[in-house]
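below is the sequence, then the predicted model.
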Amino acid sequence: MNLEHRFQRWFKPRFAVIYPFGFFVLIFGSCDERSLRMGMGYVIAGLLIRLWSNGYAIKNDKLTTSGPYAFVRNPLYLGTFLVAMGMAVVLKTGWAGIIFILAMALMYYRTIQEEQGILTSKFGEAYLRYKAKVPAMVPTLVPYAEGEKWPFSLQRLIDSKEHKTLFWVIVLIIGFYLKSRLLLEHKPMNQGAWLLAALAGLLILLDILYEINKKSIHRKNA
C-alpha cells in the first residue's frame, strides 16, 4: 500500500470518525470487571460474525448469499458495529462512545447506499431479488434460499486476515485492563494479570511471525 493510498484510506469518512475516537480512547479509556461484563458479549458476537462471514465472502466476483449472507446483506459491517458498541461499553467512553456509534451508523448507511448501486449495476436482477428479501443490517430469521451456495472455507477465512482483527481486539482489551489496574486502581500485578500480559505478548508475536512468513512466501513467488 503506497503513501497516496494510505492518505486516501485515512481520510475516508468512516476512518475520519474512527481515528479521532481512537486517540480519545487511548488517552481517556479504561475498563474494569463491570464494564467487561457489560460489553464483552457484544464484542464476542461481533468477532464471531466477522469470522463466520469471511469464511463465505467472495468479494467482487460473485454475489455472496451463503452462510450469514443468507440472513443479512452486510454481516461484516454488522460484526464491526457490534465490536465497536462493545468496545465503547468496555472502555467506559460515555457520551463520546454514543456519539461515535451514531457517527458510525451514519457512515455505514452512506456506504451501504453507495455499494447497493454498484452491486445493482454488477449483478442486476439477482441482487435486486436478494435486496428485496434480505435486510441490510438487522438479520432476518428466514434464510435466503435463492442464489449460488457454497460451504464455509477455512482457507478463505485465513486469506481474509480476519485473525488480525481478533488478535488486536484481544490485545487492546488486555492493554486497557492492565492500564486501569496499574495506573488508575494502583493494584499490583497478580498471577492473572501476568497471564493476560503473556497472552497479549503471544498474540503480538504470532501476528509478527505471520507477517514475516507472508513476506517470505511473497519473495519466493516473485
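Yes, it's here. Numbering: from 1, shown residues only.

contacts and neighbour counts: CA atoms only from here.
Will do.

ok, and the helix or strand in the chain with the lowest average confidence?
Among the helices and strands of the chain, helix 3-10 carries the lowest confidence by mean pLDDT, DSSP states H and E, at a mean of 50.

sticking with residue 48, tell me its helix or strand.
Residue 48 belongs to helix 33-54 when assigned by DSSP states H and E.

check which residues of that helix are buried.
Buried positions in helix 33-54, judged by neighbour count with 16 or more other Cα atoms under 10 Å: 35-36, 39-40, 42-47, 49-54.

for stretch 59-69, same thing?
63-69.

repeat for stretch 202-216
203-204, 207.

just the strands in the chain please.
Using DSSP state E, no strands are assigned anywhere in the chain.

quick test: name the residue nearest the centre of it.
Closest to where the C-alpha atoms of the chain average out (Cα atoms, centre = their mean) is residue 80, at 3.8 Å.

and that residue, what does it touch?
46-47, 50 (Cα atoms under 8 Å, 6 or more residues apart in numbering).

mind doing that once more with 10 Å?
Shown in contact with residue 80 (Cα atoms under 10 Å, 6 or more residues apart in numbering): 42-43, 45-47, 49-50, 86, 104, 165.

next: residue 173.
Shown in contact with residue 173 (Cα under 10 Å, 6+ apart): 30-31, 36, 40, 87, 90-91, 179, 196, 200.

repeat that for residue 124.
Applying Cα under 10 Å, 6+ apart, the residues near residue 124 are 117-118.

now do it, the pLDDT please.
On pLDDT, residue 124 comes in at 93.

now do the helix holding residue 48: distance to the chain's middle.
10 Å (Cα atoms, centre = their mean, to the nearest Å).

where does pLDDT dip in the chain?
When residues are selected by pLDDT under 70, those of the chain lie in 1-18, 222.

dihedrals phi and psi, the closest residue to residue 136 other than its chain neighbours?
Among residues not flanking residue 136 along the chain, residue 73 sits closest, at 4.8 Å (Cα to Cα, 6 or more residues apart in numbering). Torsion angles at residue 73 (phi, psi; degrees, to the nearest 10) stand at phi -70, psi -30.
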